[in-house]
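**Student:** here is a sequence together with a model predicted from it:
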Amino acid sequence: MVKIVHVCDGIYRNDGDAGPKDVLFENQKLIRFMDKFYLRCDPEHLTAVEVSVLCAERAKDPSVVLGPNGDVRTIFKKYISLLQPKRFLEIGAGNNPIFSGVEAQELGVAYSTCDADPKYADLFSGQSSELSYSDGFFDMASAVFVLHFRFYEAQVSELFRCLANSGIFVANVYWRSQESRKGLAKMFLDAGFSLSIVPDEQRICRDHEYWILGKRDSDVAEAGIKFREVLVS
Ligand SMILES: C[S@@+](CC[C@H](N)C(=O)[O-])C[C@H]1O[C@@H](n2cnc3c(N)ncnc32)[C@H](O)[C@@H]1O
């Protein structure tokens, strides 16, 4: 049986057994998110405060680094190691960055992190979308389990500014509807990005895909081929 616990208005934890897709709780229809949460709406429509509360609640559970999250981070780790960026930015690293400081050092990469929640890293959000890096500073950026939340137009432009002409941004996308993915893709394309979508044949999560973005079609196509190689390795 589900056991719904109020975390904040809009965000509820399920301390019981895995429950149905929707539940009615205190006259409000809630939708299941992962196994352990119920939300008032899809994650992309949550407010910044709700996102922060949800992510903080999720971060309390050590098992989140295992399972799908761990699998995707392992793939990204391999991919980033293959591309060997010199300056790498992780967006939405939370309390669970892809690399430890030691790993980044071993890889010889200058590793920067940012997050919508300033308790984890440099602030980067809809409210504060300026990054303190010069134009074209990063040769690679990535976001793991972030783009199901709202990603703001100003963030996309800032990312474009900070990415080198040959730079690559890789992220995973799930949960969003087809309509919502189209809207997100349009935002990146309108900012000047080229996009290649690699479907997740392993189906690590439902409707899960990898988005590879960059400024030049040829670089993105090549980066997409390398990503597929990592997936089958
Ligand atoms: C589900 S957690 C993922 C954390 C980590 N990447 C992982 O894989 O475990 C999502 C993280 O993205 C951050 N976030 C959500 N929306 C964001 C946005 N628009 N820009 C930057 N960070 C965002 C949250 O604050 C949170 O730290």
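**Tutor:** Looks like it came in fine.
**Student:** and the residue nearest the centre of this structure?
**Tutor:** Geometric centre of the chain, nearest residue: residue 146, 2.3 Å, by CA atoms, centre = their mean.
**Student:** show me the contacts for the residue lying closest to it once chain neighbours are set aside.
**Tutor:** Spatial nearest neighbour of residue 146, excluding adjacent residues (CB to CB, 6 or more residues apart in numbering): residue 92 at 3.3 Å. For glycine as for every other residue, the C-beta is placed from the backbone atoms N, C-alpha and C. Residue 92 makes contact with 114, 115, 116, 143, 144, 145, 146, 149 under the criterion CB atoms under 8 Å, 6 or more residues apart in numbering.
**Student:** what mean pLDDT does stretch 218-226 get?
**Tutor:** The average pLDDT within stretch 218-226 is 97.
**Student:** check stretch 170-179 too.
**Tutor:** 96.
**Student:** how far does that stretch stretch from one end to the other?
**Tutor:** Length of stretch 170-179, first residue to last, CA to CA, to the nearest Å: 21 Å.
**Student:** buried stuff in that stretch?
**Tutor:** Across stretch 170-179, burial judged by 16 or more other CB atoms under 10 Å covers 170, 171, 172, 173, 174, 175, 176.
**Student:** ok, the helix-or-strand element of the chain with minimal mean pLDDT near the ligand or not?
**Tutor:** Taking mean pLDDT, DSSP states H and E as the measure, the chain has strand 122-123 as its least confident helix or strand, at a mean of 90. No. Using CB under 6 Å from any ligand atom, strand 122-123 stays clear of the ligand, coming no nearer than 8.7 Å.
**Student:** give me the sheet partners of that strand and which way each runs.
**Tutor:** strand 110-115 (parallel) (DSSP bridges).
**Student:** get me the contact residues on this protein for the ligand.
**Tutor:** Residues of the chain lying near the ligand (CB under 6 Å from any ligand atom): 51-52, 55, 58, 69, 73, 91-94, 96, 115-117, 120, 124-125, 144-146, 149-151, 155.
**Student:** what's the least confident helix or strand of the chain in contact with?
**Tutor:** Residues from elsewhere that reach strand 122-123 (CB under 8 Å, 6+ apart): 112, 113, 114, 115, 116, 131, 132.
**Student:** picking that back up, so of the residues of the chain next to the ligand, which ones are in helices?
**Tutor:** 51, 52, 55, 58, 69, 73, 155 (DSSP state H).
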